[in-house]
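Student: any chance you could fold what I've pasted below:
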Amino acid sequence: MTKSELIAHLAGANPHLRQPDVELIVTTIFDEITAALARGDRVELRGFGAFSTKARDPRTGRNPRTGEAVEVSAKSVPYFKPGKELRERINKPGPTAPRRVAARASA
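Tutor: Numbers count the residues shown, from 1 in each chain. All right, here's what the predicted structure looks like:
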């Protein structure tokens, strides 16, 4: 689902809200999460999960095209840890959860 699809879905589910208002709400939430992570803060949404950053040490990488060694500097990367409720809802068998078909052994 893209951001525009999310906005359209939320606007459709909430007819009392105008689509530009829903777009402003979604954009504001994403901007605040991004700003908090940029400050080094952790964002926790109970029942959904927690956004944080992890530090990556500098390392020597390889250019896949030439095989040449390239120095990669230290950086922070975003990290998401899903909450218990989200994990349970995703793994709950039902019409909205993707079903996994067990591989059959051929005889």
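Student: distance check, residue 37 against residue 80.
Tutor: Between residue 37 and residue 80 the distance, using C-beta to C-beta, to the nearest Å, works out to 10 Å. Quick note: C-beta positions are derived from backbone N, CA and C, even for glycine.
Student: so how far is residue 26 from residue 16?
Tutor: Applying C-beta to C-beta, the value for residue 16 to residue 26 is 16 Å.
Student: just the strands in this structure please.
Tutor: 43-45, 49-56, 59-62, 69-72, 75-82 (DSSP state E).
Student: any chance of the ones you listed in JSON lines, with mean neighbour count, mean pLDDT and distance to residue 2 too?
Tutor: Putting the strands of the chain into JSON lines (neighbours: other C-beta atoms under 10 Å; pLDDT from 0 to 100; distance: least, C-beta to C-beta, whole Å) gives the following:
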{"stretch": "strand 43-45", "mean neighbour count": "14", "mean pLDDT": "96", "distance to residue 2": "20"}
{"stretch": "strand 49-56", "mean neighbour count": "14", "mean pLDDT": "96", "distance to residue 2": "19"}
{"stretch": "strand 59-62", "mean neighbour count": "10", "mean pLDDT": "95", "distance to residue 2": "30"}
{"stretch": "strand 69-72", "mean neighbour count": "10", "mean pLDDT": "95", "distance to residue 2": "30"}
{"stretch": "strand 75-82", "mean neighbour count": "12", "mean pLDDT": "96", "distance to residue 2": "18"}
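Student: for this structure, give me the ranges with low pLDDT.
Tutor: By pLDDT under 70, the weakly predicted segments of the chain are 94-107.
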